[in-house]
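Novice: Based on what follows, work out the 3D shape:
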Amino acid sequence: MEVLASARLAVSAKTRDLTNVERDALIKNGCVAEDWTNVKVVQSNASESQFDFNPATVQRCQFSGRVVLGFFRGLKGNEPTKASAKGLMPELFGERRGDSIGIAAAAPWRGSELEGVYDSHLADVWVLQSARVIRCGLVQNCVVGPGATVSHCGVVGSPDSCPSSFGNGQFVTVGPETGGRDVPICATSNFEDLAQYCCRRTLPQSLAASAEATAAEAVVYGRKCSAPFTVIAPLATLRGCARVEKCLVGPHVTIECSVVKDSTILGSKALPTRVLSSAIEGSIVQTGCQVVQHSVVTKSMMCIGSGVLRHGLLISSILSTHSTVSEGEVGSSLLGPLVGFHHQALLVAAFWPAGRGNIGYGANVGSNHTGKRNDQEIWPGEGVFYGLGCCIKYPCNMSEAPYTIIASGVSTLPQRVTMPFSLINSVSEFIPGVSPALNEILPGWVLSNNAYTTVRNEKKFEKRLLAKVEGTIPQYSHRTIRGEHVQMMIAACAQLHRLEGASKVSDRSGQPVYTDEDIPGGAGLGKNILTESSRVAAIQAYDSCVELYALKTIWAAVGSLIDRAEAEIRLDHRSGTLVRKAELDCGVVSLSGLRTHATAKAELTYAFELVHERQLAGYRSGYVDLMKRLLELVVAEANQIKTSKNKDYKRGNKIIPDYSQIQDPLEEDATVRAAEEFALKVQASLEECQLCAHHHSHI
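Specialist: This next block holds a predicted model:
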């Protein structure tokens, strides 16, 4: 790591003894030392003497062991030019091309800001130029970089001098708390690699080997970055901290009123990190993160741009970009991007690489103990919504049921569900021959009855992804319906067709009721019942969504990935192969839903394949026919979204007397407007194509 390498240079840099005048001035300033010969100053290469050590900037301090002091500017001191500043310690903390923590940036000689060392005890410390150490109880075995601030702190450094890797190279226990998915982390780890290592046994051999190699590199990284001292990088700020021990604190990191131990905290100018009134131990915190408001992070990794807020607990877990944990507790889990966890709730032993879901208030997603051992786990699907007060019993696998909703207060049994976009709710009636512990599943319900949610999620994800600094964080897809989800829908349809006629029981109205055991090998219903009407509705919802996905993907690609002429050719002649989730080794599908040019091309290839397989609109009839059908589908979707939201308005007006006065009108709802505007956009595109076709026919 660059910051650590620069710190190692600092401790071996050229120094000189204090002159008698400097020593006497320090004694006059109220300073004491065990041995004044161990107090050194940085050897200046600058020709101007006024840029050498200034004893007036060090007052009322106690020195133990070897202490090295740099140049500090007093309240009304001289302001060296950038050129002369380079002469002070040019080899330390950067000054490389493009280095954001170089000496020129780290020591900007700001206004009349106080620099130096005041009212502190220093033991085996290097305080470099333009830094500030003010009223600290003990700063020991520490390198304080140029421009850094350590103010009003208790203990800062590595008091016992034992080497630390600052949390790098350690193993985080994900999933079963008894072990089995332990993954090594380091400051350069990325979330996708960590996720692949956790489930490497289920991946193709080539990808598993790559994941294992990356994990081995993390362990080696930990050994290489071991050091017996704490590093406070340039432009880092520590204020009012009781203890900051055995840590590497990167540039543009602010830590206030917190306790941090055995950790790496990184920041950058574009993505600064804040730790306020919280505690971190044995963890890696990457750039752009927040740990604030009395939160606790222990033996965990926070990826770029993640956060733990408002008394949140993150214990032995990995938190991806754009995800936050507020008020609740996350333990032994791997959480993917865009997870909303804003209430008091529990999530334990979860392997959730795709993220994008939500944990409602009081949700207990953590029944990982069977009474024997705490060795069970859960695999939530992408976008799964855990409702208020639900209770999820382990083991549970919903990785093939993305964007499923677990209704409020529902208690689920251990199960595997493979029905995407479903609603799992309590049963509405007792059915003889069926266990009362089973719930009811409505496959595809989110698509057929709550499309508002899918469109709103897309807009919400897109907004959050665009809010971060472009190019500095992983680029995740904001789309809630992608090719891998469509493949799950097609597989679910096949199972639903197999169920027809296999029912052994009926409800009070006489319609068949299905369970997972009705067909050999299970139907993917989990510990739930399925009525005949819901089965038929699910097939229709899935088929309609597959068609909409294919046509929409092709339409969106024309003009960006391909031109219309190529679209016409590919609609007429079948080519390409399907890209399935199992083919992760081809590099176009990721566990966390990364967005790349390769994934966009793969989605397009799959969309054309669906048109040919299912003989959808445009199949050997042209792009205009495809757009006509697409317009029908998106208009129907916009109407369904409006109708769905209108139900809320009708219900609200019956219950709340001034409901219509405090809610935005239906026509102004952002999600309703987005759906209608998209339909108008498709319509305009169709009219333009028809006009062009008419023009060419008359030439």
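
Novice: Helix, strand, or coil at I529?
Specialist: Following DSSP: H, G, I helix; E, B strand; the rest coil, I529 is assigned to strand.

Novice: Kindly state the beta-bridge partners for it.
Specialist: Judged by DSSP bridges, the bridge partners of I529 are E440.

Novice: Look up how far F171 lies from it.
Specialist: For I529, the distance to F171 equals 42 Å [CB to CB, to the nearest Å]. From N, CA and C alone the C-beta is placed, and that goes for glycine too.

Novice: neighbour count winner among the two?
Specialist: I529 (21 against 17; other CB atoms under 10 Å).

Novice: I figured the more buried one hits I431, correct?
Specialist: Yes: the criterion here is CB atoms under 8 Å, and I529 meets it with I431 at 6.8 Å.

Novice: shared neighbours, these two?
Specialist: Between them, I529 and I431 have V513 as joint contacts when contacts are counted by CB atoms under 8 Å, 6 or more residues apart in numbering.

Novice: Sort out which residues of stretch 564-576 are buried, please.
Specialist: Using 16 or more other CB atoms under 10 Å as the test for burial, stretch 564-576 gives A567, E568, R570, L571.

Novice: pLDDT below threshold where in the stretch 551-699 of the chain?
Specialist: Along the stretch 551-699 of the chain, segments meeting pLDDT under 70 span 574-589, 693-699.

Novice: residue boundaries of the helices in it?
Specialist: Counting by DSSP state H, counting those that start in this stretch, one finds helices in the stretch 551-699 of the chain at the ranges 564-572, 597-614, 623-655, 659-662, 670-697.

Novice: C545: which of the ones you listed is closest?
Specialist: C545 sits nearest to helix 623-655 of all the helices of the stretch 551-699 of the chain, at 9.5 Å, using CB to CB.

Novice: From the contact counts, what lies against the closest one?
Specialist: Applying 3 or more CB pairs under 8 Å, 6 or more residues apart in numbering; DSSP states H and E, we find helix 623-655 packed against helix 451-467, helix 532-557, helix 564-572, helix 659-662, helix 670-697.

Novice: wait, which of the ones you listed is closest to P395?
Specialist: helix 532-557 (24.7 Å).

Novice: Also compute the angle for the closest one relative to helix 670-697, please.
Specialist: Note on geometry: by axes from the mean of the first three to the mean of the last three CA atoms, to 10 degrees, helix 532-557 and helix 670-697 are set 60 degrees apart in direction.

Novice: From I562, how far off is I569?
Specialist: 9 Å.

Novice: in this protein, what secondary structure element scores lowest on mean pLDDT?
Specialist: helix 103-106 (a mean of 35; mean pLDDT, DSSP states H and E).

Novice: Give the next helix or strand downstream of it.
Specialist: strand 116-118 (DSSP states H and E).

Novice: Can you give the distance from that following strand to the centre of its chain?
Specialist: 39 Å (CA atoms, centre = their mean, to the nearest Å).

Novice: who does the helix or strand following that strand pair up with?
Specialist: Downstream of strand 116-118, the next assigned helix or strand under DSSP H and E is strand 121-127. Strand 121-127 has its sheet partners listed here by DSSP bridges as strand 62-69 (parallel), strand 138-144 (parallel).

Novice: give the contact list for G282.
Specialist: G282 makes contact with G167, Q170, K261, D262, S263, T298, K299 under the criterion CB under 8 Å, 6+ apart.

Novice: please redo it, this time with the cut-off set to 7 Å
Specialist: Taking CB atoms under 7 Å, 6 or more residues apart in numbering, we find G282 in contact with G167, Q170, D262, S263, T298, K299.

Novice: Report how many residues lie close to the first one.
Specialist: The burial metric for G167, expressed as a neighbour count using other CB under 10 Å, is 29.

Novice: cool, and the fourth one?
Specialist: Burial of S263, expressed as a neighbour count using other CB under 10 Å, amounts to 26.

Novice: cool, and the last one?
Specialist: If you count neighbours by other CB under 10 Å, K299 ends up with 21.

Novice: Can you give me the distance of it to C198?
Specialist: 15 Å.

Novice: Name the spans of this protein whose pLDDT lies under the cut-off.
Specialist: Residues of the chain that meet the cut-off, pLDDT under 70, sit at 44-51, 74-113, 468-472, 574-589, 693-699.

Novice: re the thing from before, among the helices of the stretch 551-699 of the chain, which is the most enclosed?
Specialist: helix 597-614 (a mean of 20; mean count of other CB atoms under 10 Å).

Novice: Can you get me a residue count around K28?
Specialist: 11.

Novice: show me the contacts for it.
Specialist: Per CB under 7 Å, 6+ apart, neighbours of K28: none.

Novice: switch the cut-off to 10 Å
Specialist: P55, A56, Q59 (CB atoms under 10 Å, 6 or more residues apart in numbering).

Novice: now swap in V3 and tell me
Specialist: 93-94, 101, 143, 145, 187, 225, 231-234, 236, 248-251, 264, 266.

Novice: what about 7 Å?
Specialist: So V3 contacts V231, A233, L248, G250 (CB under 7 Å, 6+ apart).

Novice: Report the backbone C-alpha coordinates of stretch 287-303 in PDB.
Specialist: Below are the C-alpha coordinates for stretch 287-303, written out as PDB (Å, rounded to 0.1, in the frame of the first residue of the first chain):
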ATOM      1  CA  THR A 287     -13.000   5.100   0.400                       C
ATOM      2  CA  GLY A 288     -16.300   7.100   0.600                       C
ATOM      3  CA  CYS A 289     -17.700   5.200   3.600                       C
ATOM      4  CA  GLN A 290     -19.500   6.500   6.700                       C
ATOM      5  CA  VAL A 291     -19.600   5.000  10.100                       C
ATOM      6  CA  VAL A 292     -21.500   7.500  12.200                       C
ATOM      7  CA  GLN A 293     -24.000   8.000  15.100                       C
ATOM      8  CA  HIS A 294     -22.800   5.500  17.600                       C
ATOM      9  CA  SER A 295     -22.400   2.600  15.200                       C
ATOM     10  CA  VAL A 296     -20.100  -0.400  15.600                       C
ATOM     11  CA  VAL A 297     -18.100  -2.300  12.900                       C
ATOM     12  CA  THR A 298     -16.200  -5.400  14.000                       C
ATOM     13  CA  LYS A 299     -14.100  -7.800  11.900                       C
ATOM     14  CA  SER A 300     -15.800  -6.600   8.700                       C
ATOM     15  CA  MET A 301     -15.200  -5.100   5.300                       C
ATOM     16  CA  MET A 302     -17.000  -2.000   4.100                       C
ATOM     17  CA  CYS A 303     -16.600  -1.600   0.300                       C
END
